[in-house]
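Asks: compute the structure for the input listed below.
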Amino acid sequence: MLTVRDLCAGYGPVTALRGVGFTAARGRITAVLGANGAGKTTLLRTVSGLHRARSGTVELDGRPLDRVPAERMPGLGLAHVPEGRGVITELTVEENLRLGGLGRGGRVDAAALERTYTLFPPLADRRAAPAGSLSGGERQMLVIGRALMAEPTLLLLDEPSLGLAPRVVVQIFELLRDLVRDQGLTVLLVEQNARSALSVADRGVVLNLGEVVADEDAAVLAADDQLRHAYLGF
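Replies: This next block holds a predicted model:
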């Protein structure tokens, strides 16, 4: 579904990605792993159009995305959940969700809204509450739910476990696995917690200083002691 070829990107004189290439298969979870500063977030930002590549190509179902502006990505089936659980705190939970639905076709699908509440029962219980009153775990549910309101085929998800309690992390990753299994969603997951990511991913891409140092089935990466100790920290 997603093909990245020889992607280079950076900020001023700093090169963050050097010739990155990989594919993310349809209906699978591909985890992008590596230490802080490896280029993981820059990769997602470049794929989603928030950052302009210096060279290389990104294709979604064979369609080049290199010159597609970020605001048009939802219409092509791509949704990006950046790191940080950013919600509009003054708006209610439902108002935040409805904003996500506007990203595809300029209309909100009531059925999509109800599906999101089914996926995230805590949001249904607090649909009229200000988003600023939610816990960290609830905010993470909200930003993922908001992205799903655009009914994407490809979800880019940046550090969903950051700062969350272990039980909430388990819930988020179980949800991702269910979405892939039941709805055929494709997920590109950037995650610092390599152990948790590999437990749900089908494939893993390891970055080090902006370069791909491994691209294997998740089970193979998890079993490679030398690679885990060198790049993944467990």
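
Asks: what are the structural domain limits within the chain?
Replies: For the chain, automatic domain parsing gives the domain ranges 1-77+153-234, 85-151.

Asks: reformat the ones you listed as TSV; add mean pLDDT and mean neighbour count.
Replies: All C-beta spots, glycine's among them, are computed from the backbone N, C-alpha and C. Converted to TSV, the domains of the chain look like this (pLDDT from 0 to 100; neighbours: other CB atoms under 10 Å):
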stretch	mean pLDDT	mean neighbour count
domain 1-77+153-234	93	18
domain 85-151	89	18
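
Asks: which SS class is residue 88?
Replies: Judged by DSSP: H, G, I helix; E, B strand; the rest coil, the three-state class of residue 88 is coil.

Asks: tell me which helix or strand the residue minimising distance to the centre of the chain sits in.
Replies: The chain has residue 157 as the residue nearest its centroid, 1.3 Å off, counting by CA atoms, centre = their mean. Following DSSP states H and E, one finds residue 157 within strand 154-158.

Asks: which other helices and strands contact the very next helix or strand once past that strand?
Replies: Counting by DSSP H and E, the next helix or strand C-terminal to strand 154-158 is helix 166-183. With contacts defined as 3 or more CB pairs under 8 Å, 6 or more residues apart in numbering; DSSP states H and E, helix 166-183 has these neighbours: strand 29-33, helix 136-148, strand 186-190, helix 194-200.

Asks: by how many degrees do the longest one and strand 154-158 diverge?
Replies: What separates the directions of helix 136-148 and strand 154-158 is an angle of 150 degrees, with axes from the mean of the first three to the mean of the last three CA atoms, to 10 degrees.

Asks: which strands and helices lie in contact with helix 136-148?
Replies: Contacts defined by 3+ CB pairs under 8 Å, 6+ apart place helix 136-148 against strand 78-81, helix 93-101, helix 110-119, helix 121-125, strand 154-158, helix 166-183.

Asks: ok, which of these comes nearest residue 61?
Replies: strand 154-158 (8.9 Å; CB to CB).

Asks: wait, the residue nearest to the centre of the chain sits on residue 144?
Replies: Yes: counting by CB atoms under 8 Å, residue 157 touches residue 144, with 7.2 Å between them.

Asks: what do these two both touch?
Replies: Shared contacts of residue 157 and residue 144, defined by CB atoms under 8 Å, 6 or more residues apart in numbering, comprise residue 81.

Asks: returning to what we had before: make TSV from the helices and strands packed on helix 166-183 and add distance to residue 53 to it.
Replies: As requested, those are arranged in TSV below (distance: least, CB to CB, whole Å):
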stretch	distance to residue 53
strand 29-33	16
helix 136-148	22
strand 186-190	16
helix 194-200	24
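
Asks: out of the ones you listed, nearest to residue 17?
Replies: Nearest to residue 17, of the helices and strands packed on helix 166-183 and by CB to CB, is strand 29-33 at 11.2 Å.

Asks: quick one: the closest one to chain centroid distance?
Replies: 9 Å (CA atoms, centre = their mean, to the nearest Å).

Asks: which neighbours in the sheet does it have, and how are they oriented?
Replies: Applying DSSP bridges, strand 29-33 is found paired with strand 186-190 (parallel), strand 203-208 (parallel).
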